[in-house]
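Q: this one's structure only:
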């Protein structure tokens, strides 16, 4: 391939930022403009280079069914995110101390809540507590899903080997009493027996599902035994993507993929880190689906997906660091924040984009209460010094974070290309 523009774009992706198709074709940040045909040539060039052990691309030993391969780029952006991830999580003693066993239990509830909400299954923290702690009877399908999710977490927490038999057991646990007649597997089958399409993408052909997932089982085994720390940090996300890509079932593939991510996360020995991925995805749901499409449309270039999940994980760790500091500063002023109030502050932190009204707060916190109720909460946070009022010329009262109460940078969550 002789097109110097394509080679320049390829080099810029590795050294500067992993630019998207939209940025390369229509934006000026990259400093190079590709036509749609040239962008297609760039993808085909990477398809050819990845299997040749190119310095800028890392081939994944996973079976592909549409394009030639799956790969990611160990580019400067991804390398920087990995360094930040390690510095924020592994080396933060305050955060590690804060994640006591009781707090991890709360985080697991967040994981369940986040995972079911990603797929628009409504639930509340109160209902989770009723079902999982108080033994409340199951009343509807949503309750069954929650109980199944907890059973799935219990199953993978015992660290079973990641293989075909145990993957089927996990899927059976998560989908028990929830599948329609059309989406059930045939007796004796571990995978679907017919074609499937979701969000305009076809799942793996039936005759290649077993071969494909066997390549995943082998890859996970290799990384668990011989992989570097960075390999292990990325492995759960690669498994997450690949399960969605293969789509081995008629239904419950998304929930299974996210639980597999948590399972592999534990197998990698990363259990000292809090399990937050589904919660983080839930708060950035539209970006999550967009970045999946980015990687799929880029011929299974997982760099976009890895960048997003690492970036949003870092943002969430910083959010929890902020919560620790905010909680302590409030205590120093004689106040005690309830779990509900801490959850509201967390939603404000992860949704923050600047000055906000009570209506913005209701949207960010995803709650339905009166104006008076919302203002009561916001005024309470103002009294504690967490928020401050901002002068306004409109009829709406404006609020912002008090930067003295938030020790870390307020960030826009998720992949910055959106």
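A: Structure received. Please read these numbers as outputs of a predicted model, since none were measured by experiment.
Q: hang on, residue 394 in a strand?
A: No - counting by DSSP: H, G, I helix; E, B strand; the rest coil, residue 394 is not found in a strand; it is coil.
Q: Counting neighbours, what do you get for it?
A: Neighbourhood size, residue 394 [other CB atoms under 10 Å]: 7. In this view, the C-beta of every residue, glycine as well, is placed from N, C-alpha and C.
Q: now swap in residue 246 and tell me
A: The local packing of residue 246 (other CB under 10 Å) involves 23 other residues.
Q: so residue 366 touches residue 346, yeah?
A: No - in this structure, residue 366 is not within contact of residue 346 by CB atoms under 8 Å, at 11.4 Å.
Q: Find the residue ranges of the chain scoring beneath the pLDDT cut-off.
A: The chain contains residues with pLDDT under 70 at 1-2, 90-122, 271-276, 408-418.
Q: Please enumerate the strands of it.
A: Using DSSP state E, the strands of the chain run over residues 58-60, 70-72, 197-198, 201-202, 387-390, 398-401.
Q: Looking at residue 366 and residue 346, which one has more neighbours?
A: Legend: neighbour count by other CB under 10 Å for residue 366 and residue 346, higher for residue 346 (20 against 13).
Q: My read is that that one contacts residue 321, right?
A: No - between residue 346 and residue 321 no contact is recorded; they are 11.5 Å apart, counting by CB under 8 Å.
Q: what's the domain layout of the protein?
A: 4-56, 76-84+101-312, 333-418 (automatic domain parsing).
Q: nearest to residue 68, of the ones you listed?
A: Each of the domains of the chain has some distance to residue 68 by CB to CB; the shortest is domain 4-56, at 4.7 Å.
Q: just how off-centre is the closest one within its chain?
A: Centroid displacement of domain 4-56 relative to its chain, using CA atoms, centre = their mean, to the nearest Å, is 25 Å.
Q: and it, how far apart are its ends?
A: Domain 4-56 has its terminal residues 17 Å apart, counting by CA to CA, to the nearest Å.
Q: what about the helices in the stretch 251-400 of the chain?
A: Applying DSSP state H, counting those that start in this stretch to the stretch 251-400 of the chain gives helices spanning 253-267, 277-283, 285-297, 303-332, 339-351, 358-365, 371-383.
Q: Tell me how many other residues surround residue 62.
A: So residue 62, with other CB under 10 Å, has 22 neighbours.
Q: Quick check: the gap between it and residue 292.
A: Remark: distance between residue 62 and residue 292 (CB to CB, to the nearest Å) = 16 Å.
Q: Same check on residue 359?
A: Using CB to CB, one gets 30 Å for the distance from residue 359 to residue 292.
Q: Tell me which of these two has more neighbours.
A: More neighbours surround residue 292 than the other of residue 359 and residue 292, with 20 against 11 (other CB under 10 Å).
Q: Roughly how far does the more buried one sit from residue 309?
A: Relative to residue 309, residue 292 is positioned 10 Å away (CB to CB).
Q: Check residue 278 too.
A: The value you get for residue 278 to residue 309, if CB to CB is used, is 11 Å.
Q: These two: which is more packed in?
A: It is residue 309, of residue 278 and residue 309, that has more neighbours when counted by other CB under 10 Å, with 26 against 23.
Q: Next up, the contacts around the more buried one.
A: By CB atoms under 8 Å, 6 or more residues apart in numbering, the residues touching residue 309 are 237, 240, 277, 280-281.
Q: Give me the neighbour count for residue 376.
A: Residue 376: 12 neighbours (other CB under 10 Å).
Q: In the stretch 51-200 of the chain, what residue spans correspond to helices?
A: 76-89, 93-98, 101-118, 125-132, 141-157, 164-175.
Q: Okay, buried residues for the last one please.
A: By 16 or more other CB atoms under 10 Å, the buried positions in helix 164-175 come out as 167-175.
Q: So what touches that helix?
A: By CB under 8 Å, 6+ apart, the surrounding residues in contact with helix 164-175 are 148-149, 151-152, 155-156, 160, 190, 210, 213-214, 217, 249, 251-252, 255-256, 259-260, 263.
Q: Pull out the buried members of those residues.
A: 148-149, 152, 155-156, 190, 213, 249, 251-252, 255-256, 259-260, 263.
Q: So which of the residues you listed is the closest to residue 334?
A: Of all the buried ones among the contacts of helix 164-175, residue 149 has the smallest distance to residue 334: 38.6 Å, by CB to CB.
Q: so the closest one touches residue 255, yeah?
A: Yes - assessed by CB under 8 Å, residue 149 is found in contact with residue 255 at 7.5 Å.
Q: Run a quick neighbour tally on the nearest residue to residue 269 once chain neighbours are set aside.
A: In space, and not counting its chain neighbours, residue 269 is closest to residue 232: 7.3 Å by CB to CB, 6 or more residues apart in numbering. For residue 232, the count of nearby residues is 17 (other CB under 10 Å).
Q: again, but for the one 4 residues further on
A: Using other CB under 10 Å, residue 236 has 24 neighbouring residues.
Q: That one contacts residue 264, correct?
A: Yes - judged on CB under 8 Å, residue 236 makes contact with residue 264 at a distance of 4.5 Å.
Q: Need phi/psi at residue 65.
A: phi -120, psi -10 (degrees, to the nearest 10).
Q: Roughly how far does the residue lying closest to it once chain neighbours are set aside sit from residue 367?
A: Spatial nearest neighbour of residue 65, excluding adjacent residues (CB to CB, 6+ apart): residue 204 at 4.7 Å. Distance of residue 204 to residue 367, computed by CB to CB: 40 Å.
Q: related to what we said a few turns ago, can you lay out the helices of the stretch 251-400 of the chain as TSV showing distance to residue 221?
A: Formatted as TSV, those follow (distance: least, CB to CB, whole Å):
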stretch	distance to residue 221
helix 253-267	10
helix 277-283	22
helix 285-297	24
helix 303-332	20
helix 339-351	35
helix 358-365	42
helix 371-383	49
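Q: one step back: columns distance to residue 326 on top of the domains of the chain, output as JSON lines?
A: Below are the domains of the chain laid out as JSON lines (distance: least, CB to CB, whole Å):
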{"stretch": "domain 4-56", "distance to residue 326": "32"}
{"stretch": "domain 76-84+101-312", "distance to residue 326": "15"}
{"stretch": "domain 333-418", "distance to residue 326": "6"}
